[in-house]
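> Model the following, please.
(chains A and B)
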Number of protein chains: 2
Amino acid sequence: MLRSRAVANTILVVGSLAYDDVQTPFERRRNVLGGAACYFAFAASLYGPVRLVGVIGDDFEQSDVERLTRKGVDVSGIERRPGRSFHWSGRYDYELGAAETLATDLGVFATWRPEIPAAFTDSDLVFLANIHPEIQLEVLEQVRGPKLVALDSMNLWIDTQREALSKVMSRVDVVSLNEGEVRQFGRTFSVLRGAREILALGPRALIVKRGEYGAVLFTKTGSFWAPAFPLEKIQDPTGAGDAFAGGLMGYLARCETPDDAHLRRAVIHGIVCASFAVERFSVEGIEQLTRDGAAERYRALREIVTIGAETVTQVDPFAAVIR
Amino acid sequence: MLRSRAVANTILVVGSLAYDDVQTPFERRRNVLGGAACYFAFAASLYGPVRLVGVIGDDFEQSDVERLTRKGVDVSGIERRPGRSFHWSGRYDYELGAAETLATDLGVFATWRPEIPAAFTDSDLVFLANIHPEIQLEVLEQVRGPKLVALDSMNLWIDTQREALSKVMSRVDVVSLNEGEVRQFGRTFSVLRGAREILALGPRALIVKRGEYGAVLFTKTGSFWAPAFPLEKIQDPTGAGDAFAGGLMGYLARCETPDDAHLRRAVIHGIVCASFAVERFSVEGIEQLTRDGAAERYRALREIVTIGAETVTQVDPFAAVIR
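Numbering: from 1, shown residues only, chains lettered A, B, ... in the order given. This next block holds a predicted model:
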């Protein structure tokens, strides 16, 4: 059943815009557009209207801001300040799993406290990209009754800001972390135990990102295990998690009342967006993604995870010989 | 549609029976029942009649043979020879991924060339457990037109017997290898490329086992990606791959004419059997498994991988707002 409404729910993202230096065994790119909010916005803007709150320095190219506006992203929440933009430099080995950070220069991001423009405070969905959990809490205090809030975080905050992070996790609907972070938070090698501990804080759902092994959705009532989209070539894993969150939140923004079944499909959209992100350097893969491209890969992913319809007897294979 | 036949197809397994010493960070067990054919037989016997061809030494307890007969396994193909039985000793670290082999004493297995009893040559399904590929070929020459043959192998044979292994892979229906072995065979980090190379040899299907990340089925027409069954506690990963093969072949033995949809379900049964195997030391988990237990976990696994039914419009999320 579909409602004849032209516009999806609005999505607010608060987080970093950056320039990255990325090295892989095959290639090196310098000063390419990056940042969590940026990856997120390119992905989510495919699904609906996105509002971005972030900070940039003197060195940030206006043409890069325009790449976002071209996707319909409302950039009026991007603040330009004197100083350097966030710069990140990292390296990947052949496994293309986790990045080794070579240098982080926070620049103007270091002292920034986001102010949500009045016109953005009514946003329907809010994504708190990885940033100090106290700042995530401040953002939550500035928005008025969003329908759904999700957050990302990182090992640093689990180590140093466990209390603040627990507090903000208890106040959001969806927590998105990678597998190692869930283990770290739960102080356990068992992702199941870590997941249970995070869900006990209150969020409705936890999504565990597992890189080339996909993602898992945990809710109060069950779990959903999805593989990554199989790719033969990966150029740059940077931003995969944020592109994932963009696809996830983008899909949820198109749902009137997201239930657990919608969440499962949203995870698949997240995986689709992440797959496009990692196929090219920087944001290029996700910037060039079209709705047709995403829909096609969504269908392909559905195909490769579907066991197939069964009769009741086939589900119990011990009843008789199966035709 | 079901055929009213009392008995499933017969399954022949050829491979090792062994005593293992297994160490994990938490526990150590000595001289416990193991061996590829043994793990396979316990799993497959849940589904239908299994015939086992293997070799044991003087030290092999008759009571361990009886554990197999109690499951209905036809042990008349087990040859007892003077000497020691196959002994394997291995250690797992906290990740419980790959075993570190501490010692292998092949014993009577070293010089054994399997002879298939006349009564077994008409077996419907054949599983060639990990053994020298030339010996796998010899077994194939002793059976008469089986409906389906599957094989397992290992890094050693990929390194040293590539030609013979390629030959036997070209003559079976299903190849079952772990992820690292597929990469090794394809001389690539890309599992997709490795899989393509193996399928090009002729088998109808390749199954790539990925440990705690599940398994992938590759066929000429597509692929199927399934997660492992989520477990909070793993005691001993030994034999997981062979228990997997047992569930897989067991399910296929119950199918009249296995098609690609049956293969997908067979993979899920393999995963279910592997999950029981690793929950206990040695073969205990799979030995104690009941049909009800397997059917229950099969349904649970189906639940956690199912995206859910969708209308056509939901599959294209860009058409309208989704209710």
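> mind listing the helices for chain A?
Using DSSP state H, the helices of chain A run over A:36-44, A:62-69, A:133-142, A:155-160, A:162-170, A:179-186, A:191-200, A:240-253, A:260-279, A:284-287, A:291-305, A:312-315.
> Deepest in the core, which of those helices is it.
Ranked by mean neighbour count, the helices of chain A are led by helix A:36-44 with a mean of 32 (mean count of other CB atoms under 10 Å in any protein chain shown). All C-beta atoms are positioned from the backbone trio N, CA, C, and that covers glycine.
> That one packs against which elements?
With contacts taken as 3 or more CB pairs under 8 Å, 6 or more residues apart in numbering or on different chains; DSSP states H and E, helix A:36-44 sits against strand A:11-14, strand A:50-56, helix A:62-69, helix A:240-253, helix A:260-279, helix A:284-287.
> now what about that helix, what contacts it?
With contacts defined as CB atoms under 8 Å, 6 or more residues apart in numbering or on different chains, helix A:36-44 is touched by A:11, A:13-18, A:50, A:52-54, A:68, A:71, A:73, A:127, A:129-130, A:152, A:238-239, A:241-247, A:249-250, A:253, A:273, A:277, A:283, A:286-287, A:289.
> which bits of the stretch 101-250 of chain A sit near chain B?
A:189-193, A:210, A:213-214, A:216, A:222-227, A:230-233 (CB under 8 Å from any CB of the partner chain).
> what's the nearest residue to the residue in the stretch 51-200 of chain A positioned nearest to chain B if we skip its chain neighbours?
Closest approach of the stretch 51-200 of chain A to chain B (CB to the nearest CB) occurs at residue A:192, with a separation of 4.9 Å. Leaving aside its sequence neighbours, residue A:192 sits nearest to residue B:232 (CB to CB, 6 or more residues apart in numbering or on different chains; 4.9 Å).
> hang on, the residue of the stretch 51-200 of chain A closest to chain B packs against residue B:230?
Yes. Assessed by CB atoms under 8 Å, residue A:192 is found in contact with residue B:230 at 5.8 Å.
> Nearest to residue B:299 among the helices and strands packed on helix A:36-44 would be which one?
Closest to residue B:299 of the helices and strands packed on helix A:36-44, according to CB to CB: helix A:260-279, at 17.1 Å.
> Could you dump the helices of chain A into TSV and include mean pLDDT?
TSV is the format used below for the helices of chain A (pLDDT from 0 to 100):
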stretch	mean pLDDT
helix A:36-44	98
helix A:62-69	98
helix A:133-142	98
helix A:155-160	95
helix A:162-170	98
helix A:179-186	94
helix A:191-200	96
helix A:240-253	97
helix A:260-279	96
helix A:284-287	98
helix A:291-305	95
helix A:312-315	53
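> I'd like these as a markdown table, with distance to residue A:93 appended.
As requested, the helices of chain A are exported to a markdown table (distance: least, CB to CB, whole Å):
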| stretch | distance to residue A:93 |
| --- | --- |
| helix A:36-44 | 21 |
| helix A:62-69 | 28 |
| helix A:133-142 | 30 |
| helix A:155-160 | 18 |
| helix A:162-170 | 29 |
| helix A:179-186 | 16 |
| helix A:191-200 | 23 |
| helix A:240-253 | 16 |
| helix A:260-279 | 15 |
| helix A:284-287 | 20 |
| helix A:291-305 | 27 |
| helix A:312-315 | 43 |
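> looking at those, which is closest to residue B:294?
Comparing the helices of chain A under CB to CB, the one sitting nearest is helix A:312-315, at 11.5 Å.
> ok, now which ones touch residue A:62?
For residue A:62, counting by CB under 8 Å, 6+ apart, there are no contacting residues.
> Number of residues surrounding the nearest residue to residue A:23 once chain neighbours are set aside?
Leaving aside its sequence neighbours, residue A:23 sits nearest to residue A:91 (CB to CB, 6+ apart; 4.2 Å). Other residues within reach of residue A:91 by the criterion other CB atoms under 10 Å in any protein chain shown amount to 14.
> Kindly report the same for the one 3 residues further on.
Residue A:94 has 9 neighbours, counted by other CB under 10 Å.
> My guess is it contacts residue A:237. True?
No. Using CB under 8 Å, residue A:94 makes no contact with residue A:237, being 12.0 Å away.
> and stretch A:215-234, which residues are buried?
Across stretch A:215-234, burial judged by 16 or more other CB atoms under 10 Å in any protein chain shown covers A:215-219, A:223-230, A:234.
> Which of those residues sits closest to residue A:165?
Nearest to residue A:165 among those: residue A:218, at 17.4 Å, using CB to CB.
> List the contacts of that closest one.
Counted by CB under 8 Å, 6+ apart, residue A:218 has contacts A:195-196, A:198-199, A:205-208.
> With distance to residue B:158 as added columns, please give these in TSV.
Converted to TSV, these look like this (distance: CB to CB, whole Å):
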residue	distance to residue B:158
A:195	37
A:196	40
A:198	41
A:199	43
A:205	42
A:206	39
A:207	37
A:208	33
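> quick one: which two of those residues are the most distant?
A:196 and A:207 (14.5 Å).
> Next, count neighbours for residue A:25.
Residue A:25: 11 neighbours (other CB under 10 Å).
> That one is in contact with residue A:234, isn't it?
No. At 11.2 Å, residue A:25 does not count as touching residue A:234 under the criterion of CB under 8 Å.
> just to revisit the earlier point, mind putting the buried residues of stretch A:215-234 into TSV with pLDDT?
Formatted as TSV, the buried residues of stretch A:215-234 follow (pLDDT from 0 to 100):
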residue	pLDDT
A:215	98
A:216	98
A:217	98
A:218	98
A:219	97
A:223	97
A:224	97
A:225	98
A:226	97
A:227	97
A:228	97
A:229	97
A:230	96
A:234	91
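> Now, these that are in strands?
A:215-219, A:223-226 (DSSP state E).
> Just the closest of those to chain B, please.
residue A:225 (3.8 Å).
> so the closest one makes contact with residue A:210?
No. Using CB under 8 Å, residue A:225 is not in contact with residue A:210, being 9.2 Å away.
> what do the two both touch?
Contacts common to residue A:225 and residue A:210, judged by CB under 8 Å, 6+ apart, are residue A:216.
> Next up, the contacts around the residue nearest the centre of chain A.
Centroid-nearest residue in chain A: residue A:245, 2.0 Å away (criterion: CA atoms, centre = their mean). When contacts are counted by CB under 8 Å, 6+ apart, residue A:245 touches A:40, A:43-44, A:127, A:129, A:150, A:152, A:176, A:270.
> farthest pair in these?
Of all pairs in the contacts of residue A:245, the most separated under CB to CB is A:129 and A:270 at 14.1 Å.
> so who does residue A:225 touch?
A:214, A:216, B:214, B:227, B:230, B:304-305.
> What of residue A:167?
By CB under 8 Å, 6+ apart, the neighbours of residue A:167 are A:133, A:137.
> for the one 3 residues further on, same thing?
For residue A:170, the contacting residues are A:201-203, taking CB under 8 Å, 6+ apart as the criterion.
> Quick check: the gap between the residue lying closest to residue A:47 once chain neighbours are set aside and residue A:148.
On the basis of CB to CB, 6+ apart, the spatially nearest residue to residue A:47 that is not a chain neighbour turns out to be residue A:250, at 2.8 Å. Residue A:250 sits 12 Å away from residue A:148, going by CB to CB, to the nearest Å.
> thought residue A:223 was touching residue B:229?
No. Using CB under 8 Å, residue A:223 is not in contact with residue B:229; the gap is 11.0 Å.
> Pretty sure residue A:56 sits against residue A:79.
Yes. Between residue A:56 and residue A:79 there is a contact at 7.4 Å, judged by CB under 8 Å.
> what about residue A:70, how many residues close to it?
10.
> May I have the phi/psi pair for it?
Reported as degrees, to the nearest 10, the phi and psi values for residue A:70 are phi -60, psi -20.
> coming back round to it: compile the ones in strands among the buried residues of stretch A:215-234 into JSON lines and extend it with columns for distance to residue A:169.
Shown next, in JSON lines, are those (distance: CB to CB, whole Å):
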{"residue": "A:215", "distance to residue A:169": "18"}
{"residue": "A:216", "distance to residue A:169": "17"}
{"residue": "A:217", "distance to residue A:169": "16"}
{"residue": "A:218", "distance to residue A:169": "13"}
{"residue": "A:219", "distance to residue A:169": "15"}
{"residue": "A:223", "distance to residue A:169": "18"}
{"residue": "A:224", "distance to residue A:169": "20"}
{"residue": "A:225", "distance to residue A:169": "22"}
{"residue": "A:226", "distance to residue A:169": "22"}
